[in-house]
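In: whatever this is, show me its structure:
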Amino acid sequence: MHAKQLFPRCLVAFWGLGLLTGGGTAAEPVLRPDGPNEVKFEPAEARFVRFVIHAGTGSEPCLDELEVYGPEGKQNLALAAQGAKASTSSCLPGYPIHQIAHLNDGQYILVSHAPLHHFGLFVIDRYGNRELLYLDPAIGSMAPTPLRPVPRPPVLAEAPAAAADGELGEFVVGDVYRGLEPQVERGKVKYLRVCEELRSNLEQLPDGRYKEEYPPFQDYYAAPTHRLSGPHGWPSFVAKGVHGLVPVTADGSAHFFAPAGRVLYFQVLDENLNELQRMRSVVQLQPGERRSCIGCHEDRRSAPPPARALAARSEPSHLQPPAWGPGPFSYQRVVQPVWDARCVRCHNAADKQNLNLTGVLDVEQIPASYRTLIAQGWVHYFSYSWGLTHHKAAPLSFGTLQSKLRTVLDGEHYEVRLTPDERHRIKCWIDLNCPLWPDYLFRPDRPTLASDTR
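Out: Predicted coordinates for the structure are as follows:
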């Protein structure tokens, strides 16, 4: 190894146990073949470092990697990248991997490895020699990542004052038709609805700890799926909320404020507030954060539109809350009053067609109207049943537009015609995937009155 440096220490990894000498200036230790070996000697200024292997234990000794360090011990002086040159008395012929260039190319690999069914961090070379760097007996260590100094990242611009009140973030949608065409023609989308999947808070115990188990857990669902299902499977057992509508401009763009710290998703609606497509993933905002998306279920490899969206050229819109108020959606508070005012005179427990739309609760705390609509398949929804293989749903293939109830909603039924607000209440419930309750209260503890108006 050619260099003119002070050499006090070497690291050597090789196959075959043997003796190694350093030209008389170092001890002659027995080296191990199962990991790197360190040989220390007095610092000396030299142009060469020579190693001699006197004997092996049966197989032919073979050096895999050689490192040489100076007094500071921070930099490998034997690296070919540093100008050091290696030579040897012989190489095993006929094998491309056995080349002198590999002796000091510094090619080690940092890995997570489990030799005894417990992962630790190891450094290995190309031949599989390994050295343990770290092993926690209590928990496996995965994905080792070398760290190095990096430049400080740029400082982002401050959020605008209108979005920095600790409650709101900002969204820009470039073009909702990217992903909707050709099923949805341009000009058909008029609104975007901002919805929320409500979280289930942990129950705090008297000693301050939180409850860890909730058996029977299905009794905490926002719909009693273990007590009621229909031809479309289970309705949503996740409680839902609605924050409001935002207009979609002629080019398909939208620009609006939305609540921060919530689990949000969007729906695109036509002029009659029918859902055309639904975002089936979720998105979140931090206070003052700005986020954007290209379209609605567009190809992930798509690029943003080349022109700036119309909606992005103006200030963000504030959401238009529904007439019944924003927040958690309760079927009994929002939808049942429509049946009470318009339908129960005919559709009650005495209905010969078994269309009972009253709010009377059965022994399972389920309103008669909810059981009728779900069990008899009057409304369409995505099934929340366990074990299903989900897929990207085509626009116009679900929800209100595919519900048998739609003909009654948009038309006239025995001279009964719903108001726009009444239709909106029912369509919104269907397109939220038909949740029953606005929370995760334990079902046996729910009120037993005919209507829960919370």
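
In: who does the residue nearest to R290 when sequence neighbours are not counted bridge with?
Out: In space, and not counting its chain neighbours, R290 is closest to E170: 4.6 Å by C-beta to C-beta, 6 or more residues apart in numbering. In this view, the C-beta of every residue, glycine as well, is placed from N, C-alpha and C. The partner list for E170 in beta bridges (DSSP bridges) reads F257, R290.

In: pLDDT of stretch 306-323, averaged?
Out: The average pLDDT within stretch 306-323 is 92.

In: for the stretch 51-200 of the chain, what are the low-confidence residue spans?
Out: Where the stretch 51-200 of the chain drops to pLDDT under 70, the residues are 55-62, 64, 95-98, 126-127, 156-166.

In: what ranges do the strands span in it?
Out: Secondary structure of the stretch 51-200 of the chain (DSSP state E, counting those that start in this stretch): strands located at 52-53, 62-69, 108-113, 120-125, 130-134, 168-173, 191-197.

In: let me have these in a markdown table, adding mean neighbour count as columns.
Out: A markdown table is the format used below for the strands of the stretch 51-200 of the chain (neighbours: other C-beta atoms under 10 Å):
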| stretch | mean neighbour count |
| --- | --- |
| strand 52-53 | 16 |
| strand 62-69 | 20 |
| strand 108-113 | 15 |
| strand 120-125 | 19 |
| strand 130-134 | 14 |
| strand 168-173 | 22 |
| strand 191-197 | 22 |
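
In: before we move on, back to that, wait, the residue nearest to R290 sits on P316?
Out: Yes: the pair E170 / P316 is scored as a contact, 5.4 Å apart, by C-beta atoms under 8 Å.

In: can you redo the strands of the stretch 51-200 of the chain as a markdown table with distance to V379?
Out: Formatted as a markdown table, those follow (distance: least, C-beta to C-beta, whole Å):
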| stretch | distance to V379 |
| --- | --- |
| strand 52-53 | 81 |
| strand 62-69 | 68 |
| strand 108-113 | 49 |
| strand 120-125 | 54 |
| strand 130-134 | 56 |
| strand 168-173 | 28 |
| strand 191-197 | 17 |
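
In: out of those strands, which is closest to E298?
Out: strand 168-173 (10.6 Å; C-beta to C-beta).

In: relative to strand 191-197, how tilted is the closest one?
Out: Here strand 168-173 points in a direction 130 degrees away from that of strand 191-197 (axes from the mean of the first three to the mean of the last three C-alpha atoms, to 10 degrees).

In: nearest residue to Q277 in space, please, no chain neighbours.
Out: P395 (4.4 Å).

In: so which other helices or strands are in contact with the biggest helix by length in the chain?
Out: Counting by DSSP state H, the longest helix found in the chain is helix 420-431. The contact analysis (3 or more C-beta pairs under 8 Å, 6 or more residues apart in numbering; DSSP states H and E) places helix 420-431 against strand 275-278, helix 331-334, helix 336-342, helix 406-410.

In: out of the ones you listed, deepest packed?
Out: strand 275-278 (a mean of 23; mean count of other C-beta atoms under 10 Å).

In: partner strands of it, with direction?
Out: Paired with strand 275-278 in the same sheet, following DSSP bridges, are strand 264-269 (antiparallel).

In: need the contact partners of the strand it pairs with.
Out: Contact partners of strand 264-269, identified using C-beta atoms under 8 Å, 6 or more residues apart in numbering, comprise 173, 176, 180, 184, 189-197, 243, 245, 248, 258, 275-285, 296, 431.

In: please apply the same query to stretch 144-153.
Out: Stretch 144-153 is touched from outside by L110, V111, S112, L121, L133, with contacts defined as C-beta under 8 Å, 6+ apart.

In: of these, just say which sits nearest to N76.
Out: L110 (15.5 Å).

In: quickly list what the closest one is bridged to.
Out: Here L110, judged by DSSP bridges, has bridge partners V123.

In: so who does H347 touch?
Out: The contact partners of H347, taken as C-beta under 8 Å, 6+ apart, are W339, L355, N356, L357, T358.

In: and it, helix, strand or coil?
Out: What DSSP: H, G, I helix; E, B strand; the rest coil gives for H347 is coil.

In: mind pulling up the pLDDT for it?
Out: 96.

In: phi, psi for it please.
Out: Main-chain torsions, H347, degrees, to the nearest 10: phi -100, psi 90.

In: against L310, how distant is it?
Out: Distance from H347 to L310, counting by C-beta to C-beta, to the nearest Å: 46 Å.

In: still on that earlier bit, and the longest helix of the chain, which residues are buried?
Out: Judged by neighbour count (16 or more other C-beta atoms under 10 Å), helix 420-431 contains these buried residues: E422, R423, H424, R425, I426, K427, C428, W429, I430, D431.

In: I figured the fourth one hits V338, correct?
Out: If I follow you right, that is R425. Yes: using C-beta under 8 Å, R425 is in contact with V338, at 5.8 Å.

In: run a quick neighbour tally on L228.
Out: By other C-beta atoms under 10 Å, 17 other residues sit near L228.

In: SS state for it?
Out: Following three-state DSSP, we place L228 in the coil state.

In: give the contact list for S87.
Out: Counting by C-beta under 8 Å, 6+ apart, S87 touches I100.

In: can you list the helices and strands packed on helix 420-431 in a markdown table and add mean pLDDT and distance to Q320?
Out: Below are the helices and strands packed on helix 420-431 laid out as a markdown table (pLDDT from 0 to 100; distance: least, C-beta to C-beta, whole Å):
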| stretch | mean pLDDT | distance to Q320 |
| --- | --- | --- |
| strand 275-278 | 96 | 16 |
| helix 331-334 | 98 | 16 |
| helix 336-342 | 96 | 20 |
| helix 406-410 | 84 | 21 |
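
In: outline the domain layout of this structure.
Out: 2-106, 164-198+238-325, 223-237+329-454 (automatic domain parsing).

In: mind putting those in JSON lines, distance to R148 included?
Out: JSON lines is the format used below for those (distance: least, C-beta to C-beta, whole Å):
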{"stretch": "domain 2-106", "distance to R148": "14"}
{"stretch": "domain 164-198+238-325", "distance to R148": "28"}
{"stretch": "domain 223-237+329-454", "distance to R148": "41"}
